[in-house]
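J.: Mind folding the following:
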Amino acid sequence: MTEAVLVACVGSTLFMVGLTWFVQVVHYPLFSRVGQDSFPAYHEEHSARTTWVVAAPMLIELASSVALALNPPDGLAALATVGAALAIAIWAVTLILAVPAHSAIGREGLGPDLHARLQRASLIRTWLWTLHGAVVLAMVVDVIDLT
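T.: Okay, the predicted model is just below:
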């Protein structure tokens with residue numbers, strides 16, 4: 001059971017690592033290239049579609065991270081705990097910084113200050129996800145017998 005949970009955690013985390021780097025480097029910087037007249041509809045559609053892409057992987061990542069912390073593979077309790085803490089931190093940053101930034105953009109439009117606020121929240125999540133990716137890969141390397 002622990003191996004299946006670890007696989008779910010690795011898959012969901014690494015999916016989100018790749019996605020968040022794409023969003024940070026490509027997607028959010030290009031928000032300012034969408035015309036002001038079409039941006040509200042664009043942002044609304046972006047938010048709806050993004051939710052469909054990220055909801056399941058984020059939930060799987062959180063649940064599997066917590067499950068691993070509660071029942072870690074042998075010798076990996078510390079890494080599993082760090083992984084769970086990172087997953088929880090990602091959710092906290094999402095709920096405290098990213099969602100309110102998107103809500104404000106939805107209400108007020110994309111001004112330079114809100115755009116910068118969104119990109120800062122995204123950068124924090126990008127680094128948290130990158131760290132979590134490193135943690136789950138370290139766990140896999142420890143669990144897999146490469147000999």
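
J.: Does residue 143 touch residue 68 like I think?
T.: No - with contact defined as C-beta atoms under 8 Å, residue 143 does not count as touching residue 68 (10.8 Å). Just so you know, the C-beta spots here come from the backbone N, C-alpha and C atoms, and that holds for glycine as well.

J.: Common neighbours of the two, please.
T.: Counting by C-beta atoms under 8 Å, 6 or more residues apart in numbering, the residues touching both residue 143 and residue 68 are 6, 76.

J.: Who has more neighbours out of the two?
T.: residue 68 (26 against 16; other C-beta atoms under 10 Å).

J.: Could you verify my assumption that residue 53 touches residue 19?
T.: Yes - with contact defined as C-beta under 8 Å, residue 53 counts as touching residue 19 (7.3 Å).

J.: Compare these two (neighbour count), which wins?
T.: A side-by-side neighbour count of residue 53 and residue 19, using other C-beta under 10 Å, places residue 19 first with 18 against 12.

J.: didn't residue 21 look like it was pressed against residue 127?
T.: No - at 10.2 Å, residue 21 does not count as touching residue 127 under the criterion of C-beta under 8 Å.

J.: Helices along this protein, start to end?
T.: Counting by DSSP state H, the segments of the chain that form helices are 2-22, 39-70, 77-93, 99-108, 112-143.

J.: So which bits of the second one are buried?
T.: Across helix 39-70, burial judged by 16 or more other C-beta atoms under 10 Å covers 39-40, 43, 46, 54, 57-58, 60-62, 64-69.

J.: got it, and the third one?
T.: Using 16+ other C-beta under 10 Å as the test for burial, helix 77-93 gives 79-87, 89-91, 93.

J.: Same question for the first one.
T.: Neighbour counts over helix 2-22 (16+ other C-beta under 10 Å) mark 5-6, 8-10, 12-17, 19-20 as buried.

J.: on that earlier part again, any chance of the buried residues of helix 77-93 in CSV, with distance to residue 119 and pLDDT too?
T.: Below are the buried residues of helix 77-93 laid out as CSV (distance: C-beta to C-beta, whole Å; pLDDT from 0 to 100):
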residue, distance to residue 119, pLDDT
79, 30, 96
80, 31, 97
81, 30, 97
82, 26, 98
83, 26, 98
84, 27, 98
85, 24, 98
86, 20, 98
87, 22, 98
89, 18, 98
90, 16, 98
91, 19, 98
93, 13, 98
